[in-house]
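Enquirer: Predicted coordinates and the sequence they were generated for:
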Amino acid sequence: MINPDTIRAQFPIFNQKTPNGLPLIYLDNAATTQKPQFVIDAISGFYSGYNSNVGRGTYWPATKATDSFEAVRLKVKEFINAPSLKEVIFNSGTTDGINKVMQSCLLPILKAGDEVIVTEMEHHSNFLPWQRACELKGAHLRTVPLQESGDLDYKAFEEVLSSKVKFVAVTAVSNALGVVNDVAKITQLAHAVGAKVLIDAAQLLTHKKIDVQQLDCDFLAFSAHKLYGPTGVGVLYGKEELLEAMIPMSYGGGIVETVTLANTTFNGLPNKHEAGTPNIAGVIGLGAAIDFVKEHGLEQMHKHTQALCEHAIDKLKSISGIDVLGTPEERAALISITVDNAHPHDVAAFLGEKGIAIRAGHHCAQPLMDSLQVPATSRLSFAVYNTFEEVDQALTALIEVRDFFA
């Protein structure tokens, strides 16, 4: 079993107090996770030990930098069970990956009258690009509603599928409700009508093992900073034949085989889609984060965070005036709540004064907030370093908020 106190000691941020002298209780892990010293050391080790560009120099430290960089590609391949190293594209994060698929895969083939499907629970990063693509090409954006429980309405999804649908973009886990979608089923249904599928896996990373071959998705995007890794780096997985057919996602150094005044030929995968100097330190940090997760066991980490989440929900059921949004069939380790008479921003500010960090707002999911008929929610999300005592302290503080605003 996970010992959160032992793991917590590996995260230097918890060695300090908040500005008002309290221990930090960090429950905003859906936004970004904290970083263990192991990851921090890997990043600083690159800069202090073998800083150089990758894929260009034949000298040391360039060779060590390149070898370390490409070693992470192999780690990612194994982490998501991709068939080939060619299918692992490094970028700046989930948002970047989604936008590049929209620009390089969808826009060149999208026509007036075509359709693209998203859901009401999408993060803006997996909503705005597809909305914009439809606006540019005169296509139609279809949204799949939710059931009262917060689960996706799969019957409605099947009803909106047709030969007109060219692309389906869906989150694996709602960042606002914690709802876990059956993305394998969604992919199978979409493929039956000839549509391509992109999975936003940003919130899936610490919930369950990702297997892109089992999912059979065409694209999958995630960010390192949700996995105890650094910000500013992520991965786009794409099926090899699709990445080969796509125009380069960006143009610049590193993606070309030959350039003349008359013509340019491009490198093969994955270089074709990795223009310019990459976030080398970030990629190395991602590799360290994967090592950290493998050391402690993703399944064990997941069991711990789920236990925290279930503990919180069980206690909240008996607290009047605080409502948990959604009763999904499967929930990841995050909860959205509303407190009677209190705006979510006031709730977050009140808890912040007690050293408890939660998120309040629309969580970049305004269509979902509109569907739920709330302006915003307060969100608690859990990670491997959180404890049951921290959860209880947060719930006690929420009761104080409720009583204060009653």
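Expert: Happy to help now that I have it.

Enquirer: Touching, Leu286 and Val233? I think so.
Expert: Yes: at 5.6 Å, Leu286 counts as touching Val233 under the criterion of Cβ atoms under 8 Å. Heads up, the C-betas are built off the backbone N, CA and C, glycines and all.

Enquirer: neighbour-wise, which of those two wins?
Expert: Leu286 (31 against 25; other Cβ atoms under 10 Å).

Enquirer: Which helix or which strand is home to the more buried one?
Expert: helix 280-296 (DSSP states H and E).

Enquirer: So what's the gap between that helix and the chain middle?
Expert: Remark: helix 280-296 is offset 16 Å from the chain centroid, using Cα atoms, centre = their mean, to the nearest Å.

Enquirer: and that helix, which residues are buried?
Expert: Neighbour-count burial for helix 280-296 flags 280-290, 292-293, 296 (criterion: 16 or more other Cβ atoms under 10 Å).

Enquirer: Quickly name whichever of those residues is closest to Pro270.
Expert: Val283 (12.0 Å; Cβ to Cβ).

Enquirer: Find the nearest non-adjacent residue to the closest one, please.
Expert: Val72 (5.0 Å; Cβ to Cβ, 6 or more residues apart in numbering).

Enquirer: For that neighbour, what is the enclosing helix or strand?
Expert: With DSSP H and E as the test, Val72 turns up in helix 62-80.

Enquirer: At which residues are the strands of the stretch 201-350 of the chain located?
Expert: Listed in chain order, the strands of the stretch 201-350 of the chain (DSSP state E, counting those that start in this stretch) span 219-223, 234-238, 256-259, 264-266, 322-324, 334-339.

Enquirer: looking at those, which is closest to Leu152?
Expert: strand 334-339 (16.2 Å).

Enquirer: contacting residues around that closest one?
Expert: 29-30, 175-178, 203, 309, 312-313, 316, 321-326, 344, 347, 363, 374, 377-382, 398, 401-402, 405 (Cβ atoms under 8 Å, 6 or more residues apart in numbering).

Enquirer: Let me see the domain layout of the protein.
Expert: 4-30+298-405, 40-294 (automatic domain parsing).

Enquirer: how distant is the shortest one from the center of its chain?
Expert: Which is domain 4-30+298-405. On Cα atoms, centre = their mean, the centre of domain 4-30+298-405 falls 18 Å from the chain's centre.

Enquirer: Endpoints of it, how far apart?
Expert: 33 Å (Cα to Cα, to the nearest Å).

Enquirer: Against Asn29, how distant is the residue nearest to Gly361 when sequence neighbours are not counted?
Expert: Nearest non-adjacent residue to Gly361, counting by Cβ to Cβ, 6+ apart: Ala376, 5.0 Å away. As judged by Cβ to Cβ, to the nearest Å, Ala376 and Asn29 stand 19 Å apart.

Enquirer: Quick check, central residue of this protein?
Expert: Centroid-nearest residue in the chain: Ala202, 1.2 Å away (criterion: Cα atoms, centre = their mean).
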